[in-house]
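[1] what's the 3D shape of this:
(2 chains)
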There are 2 protein chains.
Amino acid sequence: MNNIPYKIYLEESEMPKQWYNVRAKMKNKPAPLLNPATHKPMTPEELSPIFCDELIAQELDNDNLYIDIPEEILKFYKMYRPAPLVRAYCLEEKLQTPAKIYYKFEGNNTSGSHKLNSAIAQAYYAKNQGLKGVTTETGAGQWGTALSMACAYLGIDCRVFMVKVSYEQKPFRREVMRTYGASVTPSPSETTEIGRKILAAHPGTGGSLGCAISEAVETALGMDGYRYVLGSVLNQVMLHQSVIGLEAKIAMDKYNIQPDVIIGCAGGGSNLGGLIAPFMGEKLDGTADYRFIAVEPASCPSLTRGKFAYDFCDTGMVTPLAKMYTLGSNFIPAPNHAGGLRYHGMSPTLSQLYADGYMDAISVPQTEVFKAAEEFARVEGILPAPESSHAIKAAIDEALRCKETGEEETILFGLTGTGYFDMVAYEKFHDGKMEDYIPTDEELAASFATLPKTE
Amino acid sequence: MNNIPYKIYLEESEMPKQWYNVRAKMKNKPAPLLNPATHKPMTPEELSPIFCDELIAQELDNDNLYIDIPEEILKFYKMYRPAPLVRAYCLEEKLQTPAKIYYKFEGNNTSGSHKLNSAIAQAYYAKNQGLKGVTTETGAGQWGTALSMACAYLGIDCRVFMVKVSYEQKPFRREVMRTYGASVTPSPSETTEIGRKILAAHPGTGGSLGCAISEAVETALGMDGYRYVLGSVLNQVMLHQSVIGLEAKIAMDKYNIQPDVIIGCAGGGSNLGGLIAPFMGEKLDGTADYRFIAVEPASCPSLTRGKFAYDFCDTGMVTPLAKMYTLGSNFIPAPNHAGGLRYHGMSPTLSQLYADGYMDAISVPQTEVFKAAEEFARVEGILPAPESSHAIKAAIDEALRCKETGEEETILFGLTGTGYFDMVAYEKFHDGKMEDYIPTDEELAASFATLPKTE
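    Numbers count the residues shown, from 1 in each chain, chains lettered A, B, ... in the order given. Here you go, the predicted structure:
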C-alpha cells in the first residue's frame, strides 16, 4: 500500500506567498500587445484607461520571476485555499493502470473554479487604486461568479456582461452573481454602442464572448472610476493562476512525487498556464523535463488548428492586438458546444511556448469528454465541469497508454471546477442528444481572412 | 493575530476509524420502534424485510459506544473527507463580535452535503449482504444524490422516489442522480399501490416526503434483493453522521479549542445528531458542558411545537412507529417553504435528549434565514444550502449576543451543504417574493389528531 494520502492539503504556512512569472525564464518572450491603430507596442499610458495600473505593470513585466502576493489577497486565498492535490486512487483502480494519477482540484469554492485566484487579485488592485468598480464579460459564468465574489468581499462594484445565450440558459449562474451583489446584463445589450450595432445587424443573436468583451471594455471606458478586467488570456492572469502550479509543486515535492506528464484544459489558457508555470520554469532551465499537454475542444481548436498571428481579443475590434494562436476574432464555436473553452485565441505566453516546442496540444470531441466526465464522477465522487473534463479525457487516455506499455508514469492534471451549473449539457449527453461539431477547413479559412495585417 | 488557521484539515491518519454511538451514554435510551399492528417493539426479524441486517443491529444497539467503520467505508471517506473545520474570521470581522466562530463544512463533495456519510455506509452494508440494490426517497435531492454516488461507487442499483414538486422544480438534481446511474421516479407515482391511491385521492398533488417514503418502502418490500434506506431520523443514521462531530472534536482538541455553544439545523436530525454526538457524550458524562441548539424552520417546527409521541415515519402509515417529537405524519409544510427540513418528525435519539433537557431548540422564519445566508456567502465565500443557513442564522444571532455582552464565547456550527441547486429560492428572496409561513395552532391540532394511540 502506498503511503501517499488521497488528498494532500498544504499547511497554511506552506502556501505560496509569491506568484511565479514564467515569462522571466522564457528566451523568446511573449510578443507585446499592439495598438491596433499604429501597430506599435501599447505603452502603459495607452493601457491605463482600460486596465488598473498595477495590473499593467504585471502585464508588461517579463523579468521578475517572483512577484509578492499582497497581504489582503493572501488572506482571501486562505479563505478557500489551499486546493487539494488529489491522488486518484479510485480512478487508477477502475482503469487498472500502472500509472499514478494526480489532480489539482480547484472546484472547492463557490465560484466553482480556479477563476477566483485571479478575480481577487484584479479586484484588489482596482480597489487599491481607488476605483469604484470593474466591468467584465462572462460566458459559462464561472469568471463572472468569481469576480462577483471578489468584489463583494472587497466592497467594490461589479458589472458583468453575460453572453445572452448563457444568460438565458443558466439563470442560476446569474442568480449566484446577484447573491454576490453584481449587476448582470445579457450581451449584446442596448447599453453600449457596440451592443446596439450588433443587435441591429443580428437581431436575434445569442451573443458571443468576443462581443461581451467589447461591451465590457466600452462600458469601463465610458465610466469614471471603472476599469475592465479579464479572466483569461492575459499575462497577468497566467501570473495569478501560478498559485495552482506552485501549490501543486510544493505538495508533490513534499512527498517526492515527480510528474512525467502535466495536462490541462485550454480555452484562453488561464488554468493550464497557472498549473504548468513552475514546472515549465524548470523545463526552460533544463533542470527537469516534463511533457505538457494542452487539451482543447475539437469545436474551438485554437492551438491545434489556429494561426500564430496578431489578432483582436474581441469581436468588436476595440481591444489591443495580441500575438497568439487564434481562429480569428469573429470565430464563434457551434452553439451545441457545451461549457467554456469557447474563446477564439490562446494566451500569448502559452502560444509562444507552444510555438517554441515546449508544449504539446491535442483536441477532443465533446461526447468523448462527457463520457470521461461521467466515468470520473462515478469513481472519484466529483462531478466535473465540462471544461475540466477535457483534461480528464486526456489523462484517462494517457493512463490507458501506460496500461498498454506497462509504464508507471506519473500523471498530473488540473481539475479546474465542478459541473453543478452544467446539468443541461449532462442531460443532453444522457439522452443521446449531444453532437460533436468540428469546424471545416473552409470555415476556418473564412475566419482567418479577418485577421488584421500587422506586417 | 490568532494562530488558528482559517481551515483545519485533519491528516488522513487522524481521521476517525470508529463511529460514536451516543446512545451508549444515555440514561434514558431512545424508545424502541414499535410494530404498528401489535404496538410491541419491532424485533430484528420483523425489521429484516425492510432494512439490511447489519443496519438493524446498529439501529438496536444502545450499548456499544464505538462501532468500527469498515475498511471499504474508510476508503470512501478518504475520497471526500476530512471535511474542514473553518474559522470564520471574515464573518467575525464583519459582525465585529468578540465571539470566535467555527463551522464544520460538509459541502465539499458532489452530493453537496453531509448525507454522503451515511449513504456510503448504508450502501456498503446492503452490498455486503449480497443485495442487488436499495430504494429511498428524496425531497430537496441531497440524500438521493448522496445515495446515487455511493451506489455507483459500489456497483449496486439505486431507485429514488423524488417528491414530485422537487422533481419538477429541480431537474438538475435529478440529472446529477442520473449521472450516477440512479433511476429517479417522481412521487406519488403509478408504480406503487400507495402512489396510485394517493394520486386517485389527490390528482394534482406535488407529493411529500412522507408519501415518497411509503412508495420506497413498498417498492423494497416487493422486490427480491432490495432493502429500503433512509437518510435521516434513524439511530443508525445518527451513528454514521457522528463522523462529523468526531472530526470536529479531533480538530478542536488539536488546537485546544473548547466550544461553548454548538448549533445545527434540524429536519430529521442527521446533521445535528452527528455534529453533537461526541460532545453530547461528554455532557452526559458530566466531564464537560456545552449548550446545544437545534434550529428548525418556523414552518415545520417539530421540536419547538410538536408532540413527543409515537408516530408513523411516513404518510402512508406503512413504517414502524417511532417515538419522537412530531407534527403528525400527515403534516406537510407550506409549499412556499424552501429547501429541506420538511420532515414531520425528529430523530428519536435527539427527541429523547431534548425531552431530558440536554438540548435547546429554536425555530426561525425563512426570510431571515436567507438574509443570513447571503450575508455569510458574501464574506465567507460559500453559498450555503437553505437548510444549513438555519444554523448560520442562529450562529450570527449568538455572535451578536456576544457582541452585546462582550463575551468571548466559542461558537461551533454545522454548515451541512451548498446551495447551488437552490437558486430558485435565492431568486425569490432577491426579488422580494419569498414569504414566511407559520402553521397556526388549529392546523397543528388537526394534524396531531391523526397520531396513533399507543397507550
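[2] Need the contact partners of the helix or strand where residue A:443 lies.
    Under the criterion of DSSP states H and E, residue A:443 resides in helix A:441-448. By CB atoms under 8 Å, 6 or more residues apart in numbering or on different chains, the residues outside helix A:441-448 that reach it are A:305, A:307, A:327-328, A:330-331, A:344. To be clear about C-beta, it is placed using only N, CA and C from the backbone, and glycine gets the same treatment.
[3] Looking at those residues, which two lie furthest apart in space?
    Spatially, the most separated pair among the contacts of helix A:441-448 is A:305 and A:330, at 15.8 Å (CB to CB).
[4] Kindly indicate the member of the contacts of helix A:441-448 with the most neighbours.
    residue A:344 (28 neighbours; other CB atoms under 10 Å in any protein chain shown).
[5] what residues are up against that one?
    Residue A:344 touches A:210, A:300, A:302, A:306, A:311, A:326-332, A:447, counting by CB under 8 Å, 6+ apart.
[6] Surely residue A:264 is within a strand?
    Yes - counting by DSSP: H, G, I helix; E, B strand; the rest coil, residue A:264 falls inside a strand.
[7] Flag the shaky bits of the stretch 351-455 of chain A, pLDDT-wise.
    A:455 (pLDDT under 70).
[8] how about the helices in it?
    A:366-380, A:386-405, A:423-430, A:441-448 (DSSP state H, counting those that start in this stretch).
[9] and the closest residue to residue A:109 other than its chain neighbours, what does it touch?
    Using CB to CB, 6 or more residues apart in numbering or on different chains and skipping the chain neighbours, the partner closest in space to residue A:109 is residue A:80 (3.9 Å). Residue A:80 makes contacts with A:108-109, A:116, B:381, as judged by CB under 8 Å, 6+ apart.
[10] what do you get for residue A:179?
    Here residue A:179 is in contact with B:374, B:377-378, B:383, B:426, B:430 (CB under 8 Å, 6+ apart).
[11] Please convert the residues you listed to TSV, extending it with neighbour count and distance to residue B:264.
    Below are those laid out as TSV (neighbours: other CB atoms under 10 Å in any protein chain shown; distance: CB to CB, whole Å):
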residue	neighbour count	distance to residue B:264
B:374	21	20
B:377	24	19
B:378	21	23
B:383	28	19
B:426	23	22
B:430	15	27
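[12] What count of nearby residues applies to residue A:93?
    Other residues close to residue A:93 by other CB under 10 Å number 10.
[13] separation between it and chain B?
    Distance, residue A:93 to chain B, using CB to the nearest CB, to the nearest Å: 10 Å.
[14] same check, this time on residue A:369
    Residue A:369 is 14 Å from chain B, by CB to the nearest CB.
[15] now residue A:146
    Residue A:146 is 10 Å from chain B, by CB to the nearest CB.
[16] pLDDT at that residue, what is it?
    Note on residue A:146: pLDDT of 97.
[17] Just to be sure, it is in a helix?
    Yes - using three-state DSSP, the assignment for residue A:146 is a helix.
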